[in-house]
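*Asks:* Coordinates only, no sequence provided:
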């Protein structure tokens, strides 16, 4: 079992059979990894519309047919019930279980959504010699709930969550240029500079993830974050909602380069 | 009443009050005009997903809330029941009426979709000195049903309809370059050259619109066409479906330049 050079299909096979259960960061290099949101079909229309209306924080990559366990374009041979290393199961908005398999929960009424993840554009930034502080400091990216409202859709509404990467002004401009090409994985920044402008009181106390060092010659740069659709969906306390566990992403068959426009 | 310099809101007002009832080509210069599809909410999820999966032929611009008569982003002050100069009303897949107002038909269960229209990228092509033959010959663009399948979504499936503009190879390359920036209004061509490759038997007999002259130094260049979602939706014979009449587009508040990416 050679994990480093394994294809997305092989990696999903390893995960499916319990041979791989950790974070997926650094695996399937060059392939898109995705956030997962699974909801009852009664919520699917408003959620799909929510993603359409909020492309920077909720860039929808693919959606299953109702009750289907695979994705027509991004992973035709996948099985969403088994191919994520760790899931989070919410009932009425409460986390009740973090299983490695959701076969016992999946049913004909569920719809699975794949949402773009910043892993894709971070590769492109690193290749352009732009440092990614949370990777250097080896922990999760800092994320903040802002005062930027999302565009509501039916029952779904709420604030935008952003991720933050510190960089120099020159790097921020270069990063904006690069992420212009990655509209399906959050696109360009939502904000840079003063955190208070977007309602962040203390940059050293992120709402999710961990704080990173911001050097004196650097500004914080904020991108829309895939936590947004999850937190907005949880707000309405659906009877059942299943997501991936942080860092345990769904590995797709689509190359990062196909996300560059 | 100065139509040529009227704002989108003023033009919708004129249309709403029966002061303007013709084609909208050339009006509201610089503003996005849109194809309209109105469906019962039971069809809305599969149709929204169909648009998401087929962005080149069905570039979704905006969608109303269920029962709402305006559009949150593209035309907040509009009333979709009155602001299109001529509608087409289909019942069980059959055209039954072409009214100038659908107030008597609209109800709390309907959802209105705005879909990108080639008017937007044609402006950009004309500005780049690329001739648009059907405009020169003063008739509707020729459209063809191809053998290119759409990506199915629930009950919706069927072939892609394309529009065709003849140009030289150099112009075709320039047009591809330009339309790369217009992903929300059909984007780059789906095909150029041999029509038979995409299942078109006779280029002089379009399925919709009218044939145009193709000069000996020119090739046909094919773009995804907004007729696709209408024809795919009609295939399933919904109890009620309302669209704009050809050429009688919905005028939005959004500038063409905002469609350029």
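*Replies:* Everything's here; your move. Since the model is a prediction, treat every value here as computed from it, not as a measurement.
*Asks:* Stretch A:154-163: end-to-end distance?
*Replies:* 26 Å (Cα to Cα, to the nearest Å).
*Asks:* For that stretch, which residues meet the burial criterion?
*Replies:* A:156, A:158, A:159, A:160, A:161, A:162, A:163 (16 or more other Cβ atoms under 10 Å in any protein chain shown). Bear in mind the C-beta positions are built from the backbone N, C-alpha and C, glycine included.
*Asks:* out of those residues, which one sits closest to residue B:11?
*Replies:* Closest approach to residue B:11 among the buried residues of stretch A:154-163 (Cβ to Cβ): residue A:156, at 32.6 Å.
*Asks:* So that closest one versus residue A:109, what's the distance?
*Replies:* Residue A:156 is 19 Å from residue A:109, where distance means Cβ to Cβ, to the nearest Å.
*Asks:* what's near enough to touch the closest residue to residue A:79 other than its chain neighbours?
*Replies:* Spatial nearest neighbour of residue A:79, excluding adjacent residues (Cβ to Cβ, 6 or more residues apart in numbering or on different chains): residue A:69 at 4.9 Å. For residue A:69, the contact set (Cβ atoms under 8 Å, 6 or more residues apart in numbering or on different chains) comprises A:78, A:79, A:80, A:81, A:106, A:112.
*Asks:* Residue A:38 now?
*Replies:* If a contact means Cβ under 8 Å, 6+ apart, then residue A:38 has A:80, A:102, A:106, A:110, A:111, A:112, A:113, A:241, A:242, A:243 as its contacts.
*Asks:* make it 7 Å
*Replies:* A:110, A:112, A:241, A:242 (Cβ atoms under 7 Å, 6 or more residues apart in numbering or on different chains).
*Asks:* Got phi/psi on the first one?
*Replies:* When you say that, I think you mean residue A:110. Residue A:110 adopts backbone torsions of phi -90, psi 150, taken as degrees, to the nearest 10.
*Asks:* For it, name its beta-bridge partners.
*Replies:* For residue A:110, the beta-bridge partners are residue A:40 (DSSP bridges).
*Asks:* same thing with the third one?
*Replies:* Following DSSP bridges, residue A:241 is listed with bridge partners residue A:90.
*Asks:* per-residue pLDDT, the closest residue to residue A:9 other than its chain neighbours?
*Replies:* Nearest non-adjacent residue to residue A:9, counting by Cβ to Cβ, 6+ apart: residue A:77, 5.9 Å away. Reported pLDDT at residue A:77 in the predicted model: 93.
*Asks:* quick one: residue A:77 is in a strand?
*Replies:* No: Residue A:77: not assigned to a strand; according to DSSP: H, G, I helix; E, B strand; the rest coil it is coil.
*Asks:* on that earlier part again, just the buried ones among the contacts of residue A:38, please.
*Replies:* A:110, A:112, A:241, A:242.
*Asks:* can you tell me which helix or strand the residue in chain A positioned nearest to chain B belongs to?
*Replies:* Using Cβ to the nearest Cβ, the closest approach of chain A to chain B is made by residue A:45 at 3.8 Å. Using DSSP states H and E, residue A:45 sits in helix A:41-53.
*Asks:* Can you list the helices and strands that that helix packs against?
*Replies:* strand A:110-116, helix A:227-235, helix B:41-53 (3 or more Cβ pairs under 7 Å, 6 or more residues apart in numbering or on different chains; DSSP states H and E).
*Asks:* and it, which residues are buried?
*Replies:* Neighbour-count burial for helix A:41-53, with 16+ other Cβ under 10 Å as criterion, is recorded at A:43, A:44, A:45, A:46, A:47, A:48, A:49, A:50, A:51, A:52, A:53.
*Asks:* residues from chain A in reach of chain B?
*Replies:* Within reach of chain B by Cβ under 7 Å from any Cβ of the partner chain, chain A has these residues: A:44, A:45, A:48, A:49, A:52, A:60, A:63, A:65, A:72, A:151, A:154.
*Asks:* where's the dip in pLDDT among the residues you listed?
*Replies:* residue A:72 (87).
*Asks:* Next one, pLDDT for residue A:115 please.
*Replies:* Model confidence at residue A:115 (pLDDT) stands at 94.
*Asks:* related to what we said a few turns ago, how many residues are close by the residue nearest to residue A:9?
*Replies:* Number of residues near residue A:77 (other Cβ atoms under 10 Å in any protein chain shown) recorded here: 12.
*Asks:* Please apply the same query to residue A:260.
*Replies:* Neighbour tally, residue A:260, other Cβ under 10 Å: 16.
*Asks:* So it sits against residue A:181, correct?
*Replies:* Yes: at 4.6 Å, residue A:260 counts as touching residue A:181 under the criterion of Cβ atoms under 7 Å.
*Asks:* sorry, back to before: can you redo the contacts of residue A:38 as TSV with pLDDT?
*Replies:* Below are the contacts of residue A:38 laid out as TSV (pLDDT from 0 to 100):
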residue	pLDDT
A:110	97
A:112	97
A:241	94
A:242	96
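*Asks:* picking that back up, any chance of the helices and strands packed on helix A:41-53 in CSV, with distance to residue A:18 too?
*Replies:* Formatted as CSV, these follow (distance: least, Cβ to Cβ, whole Å):
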stretch, distance to residue A:18
strand A:110-116, 21
helix A:227-235, 25
helix B:41-53, 33
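*Asks:* what's the closest of those to residue B:121?
*Replies:* Comparing the helices and strands packed on helix A:41-53 by Cβ to Cβ, helix B:41-53 comes nearest, at 17.8 Å.
*Asks:* contacts for that closest one?
*Replies:* A:44-45, A:48-49, A:52, A:60, A:63, B:39, B:58, B:60, B:63, B:66, B:109, B:111, B:113, B:115, B:151, B:153-156, B:229, B:232-233, B:238.
*Asks:* which residues of chain A fall in strands?
*Replies:* Listed in chain order, the strands of chain A (DSSP state E) span A:31-40, A:60-63, A:87-91, A:94-97, A:110-116, A:143-149, A:159-167, A:191-192, A:219-224, A:241-244, A:250-255.
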